[in-house]
Every structure is written in structure tokens, then in C-alpha cells.
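In: Fold the following, please.
(one chain, ligands or ions: 1)
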Amino acid sequence: MSDPSHTITDEFQCTVKENDCFNKNILEQLAKLQEAAAKVNKSIIRACTYCGCIEINANNKLYSYHDDINLDMIKLLDPHHISGELCDACRDRIEKDMGSCLYYLACISNSFDLNLDDVLLKEMDIIHLLGKFHIE
Ligand SMILES: [Zn+2]
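Out: Next comes the predicted model:
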């Protein structure tokens, strides 16, 4: 039975550390993370353009027509710019690419002795603190 004080994030980071023999170079880790993030983008675009299981309406006219619009209004007016639903193949591909991102993020965290769980908790605190203003 696993230690209840360890989260799935801890377990994941530990598993990456124990099994990663090839990605010890920080420059390689940075390059691989960027490559994995690009694959997430590519897979989402592929779902729209090649597979067609989703459609993306990137039109933002709704926002630009209302100069006095505030964030609460944007939430109400959200036009759900993604329509359709990911098919199983696209969902699997995107999940795999996101998993690769997490893998290389764990590698980088291990290189600097950072704890991914702490990173998540700190980010969650920032989201709670800044709420709707947490936009970069
Ligand atoms: Zn699809």
C-alpha cells in the first residue's frame, strides 16, 4: 500500500527519477519539454484540421465590440469557441503528448530538486488569491 502522505504527483516524480537514465542533461530536458508542448499544440490543431472531430471558432469579435466589457461579462458571453468532441484517437494523442510534457517537467524538477506537488500548490494559491485576474 502506498504512503498516504505521498500524492500521485510525488509518486509520478519519483518514478521518473528512478527510471530516467537518458534525460539528465538540463539543456536536453528543456528542449524536450518545448518539443512536447509543441506536440500538444499540433495534436489539437490536427484534431480540428485533419480529423475534424472538433471545430475551433477563433473569432473574438464578441469581445472587441464591447469596449466596456468586464471579465464577469466575458464569462457569461463565452461563445464556447470549441465545438464537437474529441474522438478517441485524438483524445489519446493529446493525453499522450500532455503526459510527455509532465514527464519532462518532472525531469527538470528533479534536476533542481524541486517538488512538483509544491509547484502545483503554490500555483493553486496564486489562482485562489488572484482569481479572475490570473491572466498572463
Ligand atoms: Zn479526432
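In: Residue 53 reaches residue 46, doesn't it?
Out: No: Residue 53 is not in contact with residue 46 according to CB atoms under 8 Å; the separation is 9.9 Å. Using the backbone N, CA and C atoms, a C-beta is placed for each residue, glycine as well.
In: Quick check: neighbours shared by those two?
Out: Here residue 53 and residue 46 have residue 90 as joint contacts, going by CB atoms under 8 Å, 6 or more residues apart in numbering.
In: and the chain, which of its residues are near the ion?
Out: Residues of the chain found near the ion (CB under 5 Å from the ion) are 47, 51, 53, 87, 90.
In: Can you give me the distance of the second one to residue 29?
Out: By that I understand residue 51. In this view, residue 51 and residue 29 are 31 Å apart by CB to CB, to the nearest Å.
In: Among these two, which residue is more densely surrounded?
Out: residue 29 (21 against 15; other CB atoms under 10 Å).
In: what sits up against the helix or strand encompassing the more buried one?
Out: Using DSSP states H and E, residue 29 sits within helix 26-46. Contacts to helix 26-46, defined as CB under 8 Å, 6+ apart, come from residues 23, 90, 93-94, 97-98, 100-101, 103-105, 107-108, 111.
In: Filter these down to the buried ones, PyMOL style.
Out: Buried residues among the contacts of helix 26-46 (16 or more other CB atoms under 10 Å), as a PyMOL selection:
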select buried, resi 23+90+93+94+97+100+101+103+104+105+107+108
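In: how many neighbours does residue 106 have?
Out: Counted with other CB under 10 Å, residue 106 comes out at 22.
In: Show me what secondary structure element comes after the longest helix seen in the chain.
Out: Ranked by residue count, the top helix of the chain under DSSP state H comes out as helix 88-111. Moving toward the C-terminus from helix 88-111, the next helix or strand (DSSP H and E) is helix 116-130.
In: the inter-axis angle of that next one versus helix 88-111?
Out: Going by axes from the mean of the first three to the mean of the last three CA atoms, to 10 degrees, helix 116-130 is angled at 100 degrees with respect to helix 88-111.
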